[in-house]
Structure formats: C-alpha cells, structure tokens
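**Student:** Please find the sequence and the predicted model below.
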Protein chains: 2
Amino acid sequence: MSASSRRLELFAPAGLPEINRGDDLAPILTAAFDRANTKFKDGDVVVIAQKIISKSEGRRVDLTSVRPSAEARKLALDTEKDPRLAELILQESTEIVRKRLGLIIARHRNGCVVANAAVDLSNTGGADTAVLLPQDADISARAIAERIRDAVGAEVVVIVNDSMGRAWRKGTTGTAIGCYGISALLDRRGQLDRAGNELQSSEIGLADEIAAAASLLMGQGDEGLPVVLVRGLVWAGGTGKASDLVRPREQDLFV
Amino acid sequence: MSASSRRLELFAPAGLPEINRGDDLAPILTAAFDRANTKFKDGDVVVIAQKIISKSEGRRVDLTSVRPSAEARKLALDTEKDPRLAELILQESTEIVRKRLGLIIARHRNGCVVANAAVDLSNTGGADTAVLLPQDADISARAIAERIRDAVGAEVVVIVNDSMGRAWRKGTTGTAIGCYGISALLDRRGQLDRAGNELQSSEIGLADEIAAAASLLMGQGDEGLPVVLVRGLVWAGGTGKASDLVRPREQDLFV
C-alpha cells in the first residue's frame, strides 16, 4: 500500500558523429557517454534511434538505383508519390493498409503498421537517399547490448526507437521497434490492485513507453541526439522482443 | 548541427492519501512534493493520473444505483458484461466502435477511442464502484495548474494521464487526456532537418509522450504513485488541449 518514491533520469549526450555503414555503434556510444562522465551500470536502458542503427547496417538506398515495378508505378500514381519510393515501400511491407494522396500506410515486414513502411527521406545524409529500417531491430538491439557488456561489463537493456503515427490520434510518438534485455510487453495479469481486485488492464507496452520517454530528448529534426540513457527503471530486466508488441490483425479490436 | 546534451528528470513522490470527492488536489500535491523537499519551478510538468482527478471530482458511481436501458442490456448480452457497466459505457461514449465477448471499444465523449469508454472498476475504492473520466480533463488540468501557481508562484504544465490500449499494438501506454500550458500536439511542419530538407513527419504527440514517460513511474496497479514531476523538458510552454491529439475518424488513415 505505501509505495516508495521513484525517480527516473534520462540523459542524451551530445557529440555523436554522423554514422556510416560498417560503423561499430557500441564503442561510439560508450565514447559519447565517457565524454559526459557517465558509465553504464547494470539495468541501464539505452534507447537508440533506428536511423543510426540503419545507417551503421548499410540500410541507405540510393533512389537513383531503384527500378520501380508496374505495381509500384501504379501505387505512385494513386498517391502522387515518387515511384522509386513506392517501390521501396512495397519491398519493405507485407500489406498496404491504406493509401491516399500523399500518404501510404503499410504493414512493415516487422509487423508494425506505419506510414510509408518507415522508408525515410529526412536526415538520410543526402538527396535522393532513403533509409530503411534495420533488417531485424531485435537482433540489432541484442548485438549492441552484448558489445557494450563485453566492453564495459554492464548488462544494459537496449531499445530501438522509431517515431510512428497512431490510429485515432494525431502526432507521432516514440515507439519500440527493437529491444533486448527487458519485457517489451509487461504482463501483469493476475496481479491485484490496492483493494485486492484483479487488475483489469494489465498488459503494459513497456518498451513503447520507454521509447516515447526517450523521444522527449531526441526530438526528430536537427537535434542530433540519437541516444538516450534511461536510469532508474524498476521494470528493467526480463526477456522479450519488440515484436511481442505487435497485435495480429485478427485480434485487433481497435480497427 | 552540434546539439547540447539534454537531461530530463522524473520524480514520483510517495505518500499521497486516498483521494475523495471534493478534495482539493493542488495543496495535496504540493504537500507531497514538499515532504520530498521538491519545490515546483516554472516549466515543470506535473503529470496526474486521471483516477485521482476523477475521484476528487466525484466521478465515482455506485453500480447498484445504475438502471440499465434496453440498449445496455442488449450490449451486455452481446459482450457478457455487467449490464450496469454497459449502461455507463453507453452514457460515456458517442459511438461503440467494436464489441466482442468481454470487450467493448468505444469513442468516449472526449474523442478518445478506448476500451470500456474508460469506465474503470479497479482501484476504485470499493466493490460495485466504477470511476468515470473527469467531465473535461483539459479544464481539470487548467484548474490544478492555476491553483498551484496561486499557491507557490510557479507556472507549471499539467497533464492528465490515462492508460490506453492502441490499434495494431499490444499493451497499454500512458496517454494524455487533459493538458494545460503546453502544445499537446507539437507542430514542427516547415522546420528543416540537419541536411536542410523539410521534416517529413513533424507533428509530435508531445503530451502523449510525456504521459507515457510518467507511466513508467506510476505503474498501474498497487504502486499508489499517481503524480509525476517531469523537469527539464525543452518543449514546455505553448498552449493546447489534449483534444488537439484526437484525430477525427474521417481523417484517419490507420483504421
């Protein structure tokens, strides 16, 4: 009944360099935190913008090299999009959920329903350059966490953040598309409320809440703060994937 | 290009009492922060769980006093819900979006699409007791912010938080259903990315991201931590309502 006070600290270090294909992110991140006199501790959560992971994994695509299929040209015509972009969207997605002038909502291969299948044209490092999501952001998160553990001995949680639009609501929010070392979906079913009644709504989108919190520091435009340390989370630990947060269409009551 | 580091602190003080109808929340909150040696400053964001606002505003309903209409009895039959709960859901909503055994998704009068029209049966302070959302949580937020300003001289932002399910994704996340003193929907259209290109996705669900961050400390069950101070947000300021975050159905591409 009598809870203790809780505190959470978020810190986004400045000074990360532009990331290029083949860059090893773990030492780049630890160096940025070192310069800020911050050492990783067990249970720290490191939230990383998908864009720098994508860049390190060589997910930049030169649009001039893309040959649109007939299907992509049709989609581009319907939406007044660049046919090369439409081609990438089709390649990245399993389903076009909705389309309208200037906008395509697609189910990405990772299961997320997102504008333009998350094919990104801003802060890509060049005109005519698109950046795709990491091939598998859960695997990316795990690899970075393991590299950090090997380098500095701390067991950190890693969450890969992307900004997504939502059904029913305006504006994007930071959302977890990859994670390692935490229960992305925290299952509290069967636990009791303070009166001893079973909790009604007890599956928490924990990794999404962490990603949203980190976005408050990252911003989305010219800030250049793609990494946020979250320290003090009592939920840290557990195993899970960001894909645990994806609701299969046939179970979805909100759409 | 060269951003400065950013830091954000969240703090949830222990020791808030059970809230009852007519309680004045502002002095109760400031007392809890005083005991934790924390004084409000201009620009602080105070995130408050809707449940304690609802309780202070007398939004508890004794289910034994509810007379279900024929429509409510039909809805209860279809979903195997308590007919009295179904009646409250109908009263609180403008539209039943979906229904299925054990679950009703409704558009609340505030515009939010939410399970059970946010009629809550957990931590309500009694069996056979439901708690409804505040009548207008934007107005509640403003009133609390003004009372805090009058009492301690600090211009704080207030956000009213509720945990909501989402389309396409599992788990609830903290979501803003009321706010005062901030742009709930941050419009950055026309601003440029680091390469000088216009941002693609530049409407940010800022108040929702703050609410989600606060939920990391609040939890949802027996924690009894219904208030979180967020300090260090660079976006604080602006005017807006949580209703700015509601996307009209006809503009919704995700559903």
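**Tutor:** Perfect, thanks for sending it. Please read all numbers here as calculations on a predicted model, not as lab measurements.

**Student:** Would you agree residue A:133 falls within a helix?
**Tutor:** No: using DSSP: H, G, I helix; E, B strand; the rest coil, the assignment for residue A:133 is coil, not a helix.

**Student:** right, and it touches residue A:51 too?
**Tutor:** No: Residue A:133 lies out of contact with residue A:51 (C-beta atoms under 8 Å); the separation is 9.3 Å. The C-beta positions use only the backbone N, C-alpha and C, and glycine is treated the same way.

**Student:** Make sure residue A:62 is actually in contact with residue A:129.
**Tutor:** Yes: using C-beta under 8 Å, residue A:62 is in contact with residue A:129, at 6.3 Å.

**Student:** Neighbour count for those two, which is higher?
**Tutor:** residue A:129 (16 against 11; other C-beta atoms under 10 Å in any protein chain shown).

**Student:** Can you check the pLDDT for the more buried one?
**Tutor:** At residue A:129, the pLDDT value in this model is 91.

**Student:** Give me the distance between it and residue A:161.
**Tutor:** 21 Å (C-beta to C-beta, to the nearest Å).

**Student:** Kindly report the same for residue A:139.
**Tutor:** Residue A:139 is 16 Å from residue A:161, by C-beta to C-beta.

**Student:** more crowded one of those two?
**Tutor:** residue A:161 (32 against 14).

**Student:** where does chain A have its least confident helix or strand?
**Tutor:** strand A:186-187 (a mean of 88; mean pLDDT, DSSP states H and E).

**Student:** what lines up beside that one in the sheet?
**Tutor:** Strand pairing for strand A:186-187, using DSSP bridges, gives strand A:203-204 (antiparallel).

**Student:** tally of neighbours for residue A:179?
**Tutor:** Counted with other C-beta under 10 Å, residues neighbouring residue A:179 total 34.

**Student:** which residues sit in contact with it?
**Tutor:** A:138, A:141, A:157, A:158, A:159, A:160, A:207, A:240, A:241, A:242 (C-beta atoms under 8 Å, 6 or more residues apart in numbering or on different chains).

**Student:** mind running it again at 7 Å?
**Tutor:** Contacts for residue A:179 (C-beta atoms under 7 Å, 6 or more residues apart in numbering or on different chains) come out as A:138, A:141, A:158, A:159, A:160, A:207, A:240, A:241, A:242.

**Student:** Wasn't it part of a helix?
**Tutor:** No: using three-state DSSP, the assignment for residue A:179 is strand, not a helix.

**Student:** Closest residue of the stretch 51-200 of chain A to chain B?
**Tutor:** For the stretch 51-200 of chain A, the residue closest to chain B is residue A:171, as judged by C-beta to the nearest C-beta, at 3.1 Å.

**Student:** From residue B:55, how far off is that residue?
**Tutor:** 29 Å.

**Student:** Kindly report the same for residue A:98.
**Tutor:** Between residue A:98 and residue B:55 the distance is 40 Å, computed by C-beta to C-beta.

**Student:** So between those two, which is more surrounded?
**Tutor:** Applying other C-beta under 10 Å to residue A:98 and residue B:55 shows that residue B:55 carries more neighbours, namely 24 against 14.

**Student:** Without its sequence neighbours, what residue ends up closest to that one?
**Tutor:** residue B:19 (4.4 Å; C-beta to C-beta, 6 or more residues apart in numbering or on different chains).

**Student:** Quick check: phi and psi at that neighbour.
**Tutor:** phi -100, psi 140 (degrees, to the nearest 10).

**Student:** To what extent is it buried, counted in neighbours?
**Tutor:** With other C-beta under 10 Å as criterion, residue B:19 counts 19.

**Student:** That one contacts residue B:52, doesn't it?
**Tutor:** Yes: counting by C-beta atoms under 7 Å, residue B:19 touches residue B:52, with 4.3 Å between them.
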